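Q: Okay, structure incoming, though there's no sequence with it:
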């Protein structure tokens, strides 16, 4: 991995980046890729404190609770039969809402979820909006909320629903979005990320009312300015066609027809709907947000994400055996000789060298661990064939651009990605993940966006961060001489392998230990 950054090669790529930066891209990453390319960063710490960016400006995004409102259309078209599963679109939405609540209880029980119906004859909300019914206010999921949805699913042909809620087309989508905005603002809890998922199979709810159309588009723009994301989970309508351009293109502020064509097709199956909702509902937490320096004063901001990590059980809580109240643990240090309690300023660190203890102050230890500011520094490029499987020392990460820290990062990132894909090269970089971290060499492996036959993203565009070993990490093992097999034994082995070969993907199987644990909690 001797990265040789020859100036002609580097200069050509930088020129190509600037050329691509100034010309329109065939597939812009700042549109559909970032709308539907949500990375499921998971919950909690990513690899421990040593891998987290501790800068306050970065961490303040994740201190608060995430929140989502499931906004479900209750007009008559939603209750017509949909797809091959026999149920209606509304039934699919309730099943999906139930699944979201159950997943939240297990994975992120501190997050807030709300369920709002619109297009109902009756209304129930704090602002007296007509045809809007707040079924479950924004709060942490619990068993009672799930049971309420289960009882609704047990209602045959939703006859009780029609009696208790009714149907109406007199609603105003502007009022619906306004009601969601008020729910977020009235929440007593501190909210970080805010998102509204709108479920409907009607592509033009205000076809004959231009005033309501204009009001809805303006309210969607206001919510975006307030930091509230609105995403549509469109289902298959009775006629099988959902035309975004009639109404929702302006509501979602889709820039042009080319980007609009990349939106997923309407869904008519529960699994497809649940997959799309999970892609939107899951958090996108970055391990770190750092600058990416390309050299020559060219810099962009990136977020480093974890695509795959081991899923563990929820942590237990210590309780007082008498009162059943939660207890809080404290750690104190005592002097071994005198037994007195020590303050943090009284504690120093030592290293034994040559039989003597060398004492270090806290500032000295901190300066010894400092190798520079956190960031990713481009060193050069190597052909893609130089990336070897045996250089794997830890799970790879994935990087996305971050326009919130440095404007124009998405466009520059797009240009670099396309240039490296065209040239079939990998970038060799030096990574300092946070203050006090040791530098490590990484290879950036480019990946193009992949969509399935329904325009759903299966692979996001970006770079895999491959961690490279140092010379000290490579080991030379001595193998003893092994007895060689004869040709007859080799042929027999081929027959055994051929008969036992089958298609296997580990991601198709759930962890039985975790499933047993969650089933016990659910019961």
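A: Thanks, I have it. If you're wondering where the values come from, they're calculated on a predicted model, not measured in any experiment.
Q: ok, now which ones touch the nearest residue to residue 187 once chain neighbours are set aside?
A: In space, not counting the residues next to it along the chain, residue 187 is nearest to residue 138; the distance is 5.1 Å by C-beta to C-beta, 6 or more residues apart in numbering. For glycine as for every other residue, the C-beta is placed from the backbone atoms N, C-alpha and C. Residues touching residue 138, when contacts are defined by C-beta atoms under 8 Å, 6 or more residues apart in numbering, comprise 67, 69, 112, 113, 114, 183, 184, 187.
Q: Distance-wise, check the last one relative to residue 118.
A: Going from residue 187 to residue 118 by C-beta to C-beta, to the nearest Å gives 19 Å.
Q: In terms of neighbours, single out the busier of these two.
A: Under the neighbour definition other C-beta atoms under 10 Å, residue 187 and residue 118 were set side by side, and residue 118 has more, 29 against 17.
Q: Can you classify the nearest residue to that one once chain neighbours are set aside by secondary structure?
A: For residue 118, the nearest residue in space outside its immediate sequence neighbours is residue 176; the separation is 4.5 Å by C-beta to C-beta, 6+ apart. Taking DSSP: H, G, I helix; E, B strand; the rest coil as the rule, one finds residue 176 in the helix state.
Q: Could you list the low-pLDDT ranges of the chain?
A: Along the chain, segments meeting pLDDT under 70 span 1-64, 82-86, 240, 253-270, 272, 276, 278-284, 454.
Q: Which helix in it has the most residues?
A: Counting by DSSP state H, the longest helix found in the chain is helix 89-107.
Q: Report all helices and strands that it contacts.
A: Contact analysis of helix 89-107 by 3 or more C-beta pairs under 8 Å, 6 or more residues apart in numbering; DSSP states H and E lists strand 65-73, strand 112-118, helix 143-154, strand 191-200, helix 270-281, helix 512-522 as its packing neighbours.
Q: wait, which of these is closest to residue 320?
A: Distance to residue 320, taken as C-beta to C-beta, is lowest for helix 512-522 among the helices and strands packed on helix 89-107, at 21.6 Å.
Q: and that closest one, how far out from the chain's middle?
A: Between the mean C-alpha point of helix 512-522 and the mean C-alpha point of its chain there is a distance of 24 Å (C-alpha atoms, centre = their mean, to the nearest Å).
Q: What of stretch 509-523?
A: What separates the centre of stretch 509-523 from the centre of its chain is 23 Å, taken as C-alpha atoms, centre = their mean.
Q: go on, stretch 90-100?
A: Between the mean C-alpha location of stretch 90-100 and the chain-wide mean there is a distance of 21 Å, by C-alpha atoms, centre = their mean.
Q: Who is residue 293 paired with across the strands?
A: Applying DSSP bridges to residue 293 gives these bridge partners: residue 299, residue 377.
Q: That one is in contact with residue 373, isn't it?
A: No. Using C-beta atoms under 8 Å, residue 293 and residue 373 do not qualify as a contacting pair, with a distance of 9.8 Å.
Q: Which member of the contacts of residue 138 is positioned nearest residue 99?
A: residue 113 (11.5 Å).
Q: unless I'm mixing things up, that closest one is touching residue 98, no?
A: No. Under the criterion of C-beta under 8 Å, residue 113 lies out of contact with residue 98, with a separation of 11.0 Å.
Q: More neighbours: which of the two?
A: With other C-beta under 10 Å as the criterion, residue 113 and residue 98 differ in neighbour count, and residue 113 comes out ahead with 23 against 19.
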